[in-house]
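[1] got a sequence here, can you model it:
(2 chains)
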Amino acid sequence: MRRSVSIAGLAAALVLGTLGFGTGQKSHVANAQEKMSMMEVKIDNFTFGPAALTVSVGTTVTWINKDDIPHTVVSTDDPKTFKSKVLDTDEKFSFTFSKAGTYPYFCSIHPKMTGKVIVQ
Amino acid sequence: MSEKKKDELLNDHNHDGVDRRGFLKCMAWAGTGAFCVMKGGVLNSYSLSRLSEISAPDMMGELSFVQISDSHMGFNKPANPDVAGTLKAAVDKINALSRAPEFMLHTGDISHLSKPEEFDTVDQILKSATPKDVFYVPGEHDVLNDDGKQFMERYGKGSKGAGWYSFEKKGVHFIGLVNVMNLKAGGLGTLGHDQLEWLEDDVKHLKHSTPIVVFAHIPLWSVYPQWGWGTDDSAQALAYLKKFGSVTVLNGHIHQTMQKVEGNVTFHTAASTAFPQPAPGKADSPGPMKVPAEQLKSVLGITDVNYKQGKQALAVVDSSLA
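    Numbering: from 1, shown residues only, chains lettered A, B, ... in the order given. Take a look at the predicted model:
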């Protein structure tokens, strides 16, 4: 578990260029633009929350699995815009949306779980 | 689930007052071990307390096998922090059966995260089971990250496509199906065109009197679509089996025993050896259901199946680990 959290933390750091991200808390107030560039989707109880998320172009969305069962985050398009590996409890997956559009996705293990990211 | 009148088989030959509705209720009591025998398409049910009254030839089949399911090796949360221990308990239960099963069927979710060490651990534990032959079909937890490549390498020798196959034992035709690949957003389990074509061809030349056993991970009937408990193209598969006088469908995935009889087809789901899940709609989501530690083994289980040549139908008996 520690290994995967540190990998997720490293990935987040690389993506954001900011150290210390992972808990969603900031010790200092970042400028408005930086604050808007990171958004989180919580996975719990076989649900993506929020199920529909609207973000601006360039935003990095991080999914975090808070459920006691593993899930994945896979876009429904073909070829797939994004596809996470399997996320066990507390594992994360991040993706930066560089193009505007609507990106429906689902959990490939439990396909009834669906969500979408709207990038404007 | 609504009951269709045409499925009702009112049968009280054994005079224990358990008619079909009562039988279904009985089967819903997890781990009661209700003993059910189908003879020529007619369902007889016996409560365990009357087991001694059943004659040995009725009980002893010529073919005996066990179904286990959903071992989820690698799961370690409060619902069960020791899934290896409960799988070992299931093996002990199998080894204690009065009639040693010839082989085992594992209806998937062998591993929890498709990790090599998880598969290795299950293989190790099952080595101590009396029946040495095990036939597998994958669950969705067995095909993570690699599109089922590892599952195929370990268990898919001689199978087609994503791991479907058939074999014969004592005149009973067994069909292993895969309905956990290429799942679509918002969808249920799926068999896919290639597999359905293979199935049609596989059973085409079999005599109508051949008993059929189909095993697959996700239920092949609509248990609870809201939770993904069903297979979107199973109707087509069942259409290919319509001509047979006896079809038994064995599934897993829902971590509880459930049974449905529709004409010549008996659908049955097995308990998990790892953790239970809530009854349809009885919780927000179909996740692991926590029960008091001392009750855990009573909601996990194995399924013992007996077939006697000459009698078309199979006797399917669930028993819990405690």
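
[2] please count neighbours and contacts with C-alpha atoms only from this point.
    Will do.

[3] any weak-confidence spans in the stretch 1-150 of chain B?
    B:1-61 (pLDDT under 70).

[4] same thing but 90
    Across the stretch 1-150 of chain B, the ranges flagged by pLDDT under 90 are B:1-63, B:98-99, B:145.

[5] tell me where it has strands.
    Under the criterion DSSP state E, counting those that start in this stretch, the stretch 1-150 of chain B contains strands at B:35-39, B:42-46, B:63-68, B:103-106, B:133-136.

[6] where in chain A is pLDDT low?
    A:1-38.

[7] pick out the residue in it sitting closest to chain B.
    residue A:112 (4.2 Å; C-alpha to the nearest C-alpha).

[8] that residue against residue B:227, yeah?
    Yes. Applying C-alpha atoms under 8 Å, one finds residue A:112 in contact with residue B:227, separated by 6.8 Å.

[9] residues in chain A within reach of chain B, list them.
    Proximity of chain A to chain B, by C-alpha under 8 Å from any C-alpha of the partner chain, involves residues A:45-46, A:68-70, A:76, A:85-86, A:105-114.

[10] hang on, the earlier thing: three-state assignment of the residue of chain A closest to chain B?
    Secondary structure assignment for residue A:112 (DSSP: H, G, I helix; E, B strand; the rest coil): coil.

[11] helix or strand for the closest residue to it other than its chain neighbours, which one?
    Nearest residue to residue A:112 in three dimensions, chain neighbours excluded: residue B:186, at 4.2 Å (C-alpha to C-alpha, 6 or more residues apart in numbering or on different chains). Assigned by DSSP states H and E, residue B:186 falls within no helix or strand.

[12] give the contact list for residue B:186.
    Going by C-alpha atoms under 8 Å, 6 or more residues apart in numbering or on different chains, residue B:186 touches A:106, A:111, A:112, A:113, A:114.

[13] how about the fourth one, phi and psi?
    Read that as residue A:113. Main-chain torsions, residue A:113, degrees, to the nearest 10: phi -80, psi 110.

[14] mind listing the helices for the stretch 1-150 of chain B?
    For the stretch 1-150 of chain B, applying DSSP state H, counting those that start in this stretch gives helices covering B:20-28, B:56-59, B:83-95, B:116-126, B:149-155.

[15] now the fourth one against helix B:83-95, angle please.
    For helix B:116-126 against helix B:83-95, the angle by axes from the mean of the first three to the mean of the last three C-alpha atoms, to 10 degrees is 30 degrees.

[16] mind listing residues that contact helix B:116-126?
    Around helix B:116-126, the neighbours that count as contacts under C-alpha under 8 Å, 6+ apart are B:71, B:73, B:74, B:84, B:87, B:88, B:91, B:110, B:111, B:112.

[17] confirm for me that residue B:247 is in contact with residue B:209.
    No. Residue B:247 is beyond contact range of residue B:209, at 10.1 Å (criterion: C-alpha under 8 Å).

[18] SS state for the residue sitting nearest the centre point of chain A?
    For chain A, residue A:62 is the residue whose C-alpha lies nearest the centre (C-alpha atoms, centre = their mean; 2.2 Å). Under the three-state scheme (three-state DSSP), residue A:62 adopts strand.

[19] the spatially closest residue to it that is not a sequence neighbour: neighbour count?
    Spatial nearest neighbour of residue A:62, chain neighbours left out: residue A:94 (4.2 Å); criterion: C-alpha to C-alpha, 6+ apart. Residue A:94 is flanked by 22 other residues according to other C-alpha atoms under 10 Å in any protein chain shown.
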